[in-house]
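**Student:** just need the structure, nothing else, for what follows:
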Amino acid sequence: LAMSRSTVAALSVVLETSYEEHVVHRALSGFEQCAAMAARFALSDVLDNTLISLCKFSGLQSTASMAVFGGSDKNRLAAARLFRLAHAHTDHIRDAWHNILQCIVSLYEMGVVAEEEVLFVQGEDGVQPLPSTPSVARKPVRKAAPESTSAASLLSAFGSWFAGGAVEAEEEAAEETD
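**Tutor:** Numbering: from 1, shown residues only. Next up is the predicted model:
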């Protein structure tokens, strides 16, 4: 457990200080491998720590960081990886949910996500919309291209939407450096 914390810390330093694309991709791959191992061995604390670090790098947790979110590929890639990992390892996440939902709320406040895409809750009667929320002055919502006619989960949709074409480029960059 102590070794995994230092691994996540080391990956965080690399991601924070590097601006070279291939290094950023490698660091994000390291986060993904840490999350996969943590989920495989049911180490929820390690998975939470990994996802909370990605929340930080997404730039969606503080108002100051949100201002530069759209202009930073590193932030966008971290957000895509965050949502993809959260979708893949949903059953093992514990404390990181607060941070993940904070990122989703930030996206809503920036006008990136429509209210009807976020405000649903699982109840005894199935999935129902949450009660209406007070109106918030928001920018117009930017719609993502629909993936298919089947409904995708919220986290999967976020991961795919943020990644755009970056997932293929990220995988190619990782293969080139291996």
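
**Student:** quick one: the helices in this protein?
**Tutor:** Along the chain, the segments classed as helices by DSSP state H run 2-17, 21-40, 44-58, 63-66, 73-88, 97-110, 115-118, 154-163, 166-177.

**Student:** weakest of the ones you listed by average pLDDT?
**Tutor:** Among the helices of the chain, helix 166-177 carries the lowest mean pLDDT, a mean of 52.

**Student:** Ser53 and Ser12 touch, don't they?
**Tutor:** Yes: counting by C-beta atoms under 8 Å, Ser12 is a contact partner of Ser53 at 5.1 Å. To be clear about C-beta, it is placed using only N, CA and C from the backbone, and glycine gets the same treatment.

**Student:** so for these two, which sits in the more crowded spot?
**Tutor:** Ser53 (22 against 19; other C-beta atoms under 10 Å).

**Student:** for Glu109, see how far away that one is.
**Tutor:** The gap separating Ser53 from Glu109 is 22 Å, by C-beta to C-beta, to the nearest Å.

**Student:** ok, now Asp95?
**Tutor:** From Asp95 to Glu109 the distance is 23 Å (C-beta to C-beta).

**Student:** the two: who's more crowded?
**Tutor:** The neighbour comparison of Asp95 against Glu109 (other C-beta under 10 Å) goes to Glu109, with 16 against 13.

**Student:** next, the buried residues of stretch 22-36.
**Tutor:** Val24, His25, Arg26, Ala27, Leu28, Ser29, Gly30, Phe31, Glu32, Cys34, Ala35 (16 or more other C-beta atoms under 10 Å).

**Student:** in a markdown table: these, plus distance to Leu60.
**Tutor:** As requested, these are exported to a markdown table (distance: C-beta to C-beta, whole Å):
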| residue | distance to Leu60 |
| --- | --- |
| Val24 | 17 |
| His25 | 20 |
| Arg26 | 22 |
| Ala27 | 18 |
| Leu28 | 16 |
| Ser29 | 21 |
| Gly30 | 21 |
| Phe31 | 16 |
| Glu32 | 19 |
| Cys34 | 20 |
| Ala35 | 18 |
